[in-house]
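A.B. asks: I would like to see how this sequence folds:
(one chain, ligands or ions: 1)
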Amino acid sequence: MNSEIASSHPAAHQLVDTFSRSISYLRLSLTDRCNLRCMYCVTEEESNQCPPKLQHHDLLSYEELLRVVGVAVEMGITKLRLTGGEPLLRRGVIDFIRQLGALDKLTDIRLTTNGVLLEKYAADLLAAGVSKVNVSLDTLQPRRFAKITGVDCHRQVWRGIEKALEVGFASVKINVVAMRHINDDEIKDFVRLSRTMPLQIRFIEFMPIGRSTRWNDETFISADEIRTRLAQFGELLSLERRLSDGPAQVFRLGEDALGSIGFISPVSHHFCDECNRLRLTSAGALRSCLLHDDEIDLKAILRGGCDDQGISQAFLDAIRNKPKGHQLEERLRDSGANCHGQMSRIGG
Ligand code: SAM
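C.D. replies: Take a look at the predicted model:
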């Protein structure tokens, strides 16, 4: 089937790609700036200095973003994630979200944040229309946090998580990138947390992406290995998969656990067959696969004076070009090549 907007049915404002996947989820990277310098996101050189960032004019303005999202929503996008860089660093983000929240057909607005500014913004985010937040936190140890992120603000992030729970988001998930010899001794501590707090702890496989040189076979830990290691703490009870789980397989450690544990395995068991995502990078490029560097320069199209048809055409083109899978294993095996895009621009 060619990519198309199926319009024969009222509920079928649906974007369907060449491999019959329905595309309903757009991730927006609002800025490439970040207040942390996580070791897997920036290179060693970058962690010691401030890497060059996009200028304000290089980002899509909020007006441009609202126009793009408006068209995308009419085409069938229902779920939006704001990410970055650190999305809470972009000035005016709460007003922007409020305007997104006014789009009738946009039913689900989520945010991924490093949590540094979450305590300050949690209540406003919820009121503006964000229903669910993911907080990235790779360690529960303040000193280690400073090592991994380059900034000593673990307590601030923790207060942000507590605040997010207090204000009442529909879900608060913790993203943990599991890395051997870096934080894998804390897997058990994170799992304990899932028993005592209503958090979903999501172990994410470390991906060879960006210019970071720190990914290698040794640091990588598969989701299967983590599951095996967790077996000693008790039985993992598989939970019924909900739409909001995305690609995660979700479990609970014990009937009485307040939270849950998710595994996201983009490397070892990719979920490309079910991928329903498009990404808009902070530089305004539409990207149909996290791990493929092909992009459509939507910013140039917008600033060339296109009408809404031009925007929808860019979406259809991105969907038509969406690869069947990321083929990461083959690429690594054949040439050792990773994906060159920067996480901070793509947004994860
Ligand atoms: N600043 C926000 C944050 O820290 O959550 C949003 C941007 S960050 C790039 C989005 C997510 O990508 C984070 O959860 C981060 O842990 C994850 N990430 C970045 N580089 C990664 C890598 N090489 N492998 C796996 N996950 C990665």
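
A.B. asks: quick one: Ile204 from the ligand, how far?
C.D. replies: From Ile204 over to the ligand the distance is 5 Å, taken as CB to the nearest ligand atom, to the nearest Å. Every residue, glycine included, has its C-beta placed from N, CA and C.

A.B. asks: ok, and the closest non-adjacent residue to that residue?
C.D. replies: Once flanking residues are discounted, Ile204 sits nearest to Ile264: 4.6 Å by CB to CB, 6 or more residues apart in numbering.

A.B. asks: what about that neighbour, neighbour count?
C.D. replies: The local packing of Ile264 (other CB atoms under 10 Å) involves 21 other residues.

A.B. asks: pretty sure it contacts Val250?
C.D. replies: No: using CB atoms under 8 Å, Ile264 makes no contact with Val250, being 10.1 Å away.

A.B. asks: Spatially, and excluding backbone neighbours, which residue is closest to the residue in the stretch 201-348 of the chain positioned nearest to the ligand.
C.D. replies: Nearest to the ligand in the stretch 201-348 of the chain, going by CB to the nearest ligand atom, is Gly348, at a distance of 2.9 Å. Excluding its sequence neighbours, the residue lying closest to Gly348 (CB to CB, 6+ apart) is Thr83, at 5.8 Å.

A.B. asks: quick one: pLDDT of Arg98?
C.D. replies: Each residue has a pLDDT score; the one for Arg98 is 98.

A.B. asks: element containing it?
C.D. replies: Per DSSP states H and E, Arg98 falls inside helix 93-101.

A.B. asks: tell me what that helix is packed against?
C.D. replies: helix 62-75, strand 79-83, strand 108-113, helix 118-128 (3 or more CB pairs under 8 Å, 6 or more residues apart in numbering; DSSP states H and E).

A.B. asks: who wins for proximity to Asn276 among the ones you listed?
C.D. replies: strand 79-83 (8.3 Å; CB to CB).

A.B. asks: got the residues of this protein near the ligand?
C.D. replies: 34, 40-41, 83-86, 112-114, 136, 175, 177, 204, 206-207, 209, 343-344, 347-348 (CB under 6 Å from any ligand atom).

A.B. asks: rerun that using 8 Å as the cut-off
C.D. replies: Within reach of the ligand by CB under 8 Å from any ligand atom, the chain has these residues: 29, 34, 36, 38, 40-41, 83-87, 112-115, 134-136, 138, 175-177, 204-210, 212, 215, 266, 343-344, 346-348.

A.B. asks: picking that back up, give me the phi and psi for the residue nearest to Ile204.
C.D. replies: phi -120, psi 120 (degrees, to the nearest 10).

A.B. asks: Can you give me the pLDDT of it?
C.D. replies: pLDDT, Ile264: 94.

A.B. asks: dump the residue contacts of it.
C.D. replies: Ile264 sits next to Arg202, Phe203, Ile204, Glu205, Ala223, Gly246, Pro247, Ala248 when contact means CB atoms under 8 Å, 6 or more residues apart in numbering.

A.B. asks: same question, Gly150
C.D. replies: Leu36, Arg37, Cys38, Met39, Ser47.

A.B. asks: avg pLDDT for stretch 196-207?
C.D. replies: 96.

A.B. asks: how about the helix holding Arg98: buried residues?
C.D. replies: Judged by neighbour count (16 or more other CB atoms under 10 Å), helix 93-101 contains these buried residues: Val93, Phe96, Ile97, Gln99, Leu100.
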